[in-house]
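Peer 1: Let's see this in three dimensions:
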Amino acid sequence: MKKIDENYDFAIFLKANADDQELDEDFKRLHKKYFANYDCSKCRKCCKKLYAKFQENEM
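Peer 2: Predicted structure coming up:
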């Protein structure tokens, strides 16, 4: 539960303090960097273990 609370607090911090466009660009850059040599079709277990929760007003 502590980790979920920390993640939620961090998400609130980002929403209040980050530039949306800059944050999107950073995530795209990091995704390209870390998944450039990774084939998601090999195991697909991360999709079962990792998830994101969104509040109704965030969709």
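
Peer 1: Residue ranges in this protein under the pLDDT threshold?
Peer 2: Scanning the chain for pLDDT under 70 picks out 44, 46-54, 58-59.

Peer 1: rerun at 90
Peer 2: 1-21, 23-24, 26-27, 30-59 (pLDDT under 90).

Peer 1: Tell me how many other residues surround Phe13.
Peer 2: Phe13 has 10 neighbours, counted by other C-beta atoms under 10 Å. Using the backbone N, CA and C atoms, a C-beta is placed for each residue, glycine as well.

Peer 1: So Leu14 is in contact with Asp24, correct?
Peer 2: No - contact criterion C-beta atoms under 8 Å: Leu14 and Asp24 do not qualify, at 11.2 Å.

Peer 1: Let me know the outermost residue of the protein.
Peer 2: Lys42 (21.0 Å; C-alpha atoms, centre = their mean).

Peer 1: what helix or strand is His31 on?
Peer 2: helix 20-35 (DSSP states H and E).

Peer 1: Other residues contacting that helix?
Peer 2: For helix 20-35, contacts defined as C-beta atoms under 8 Å, 6 or more residues apart in numbering pick out Leu14.

Peer 1: related to what we said a few turns ago, which residues touch the residue farthest from the centre of the chain?
Peer 2: Contact analysis of Lys42 by C-beta under 8 Å, 6+ apart lists nothing.

Peer 1: Now do the same for it: helix, strand or coil?
Peer 2: Here Lys42 takes the coil state, with states given by DSSP: H, G, I helix; E, B strand; the rest coil.
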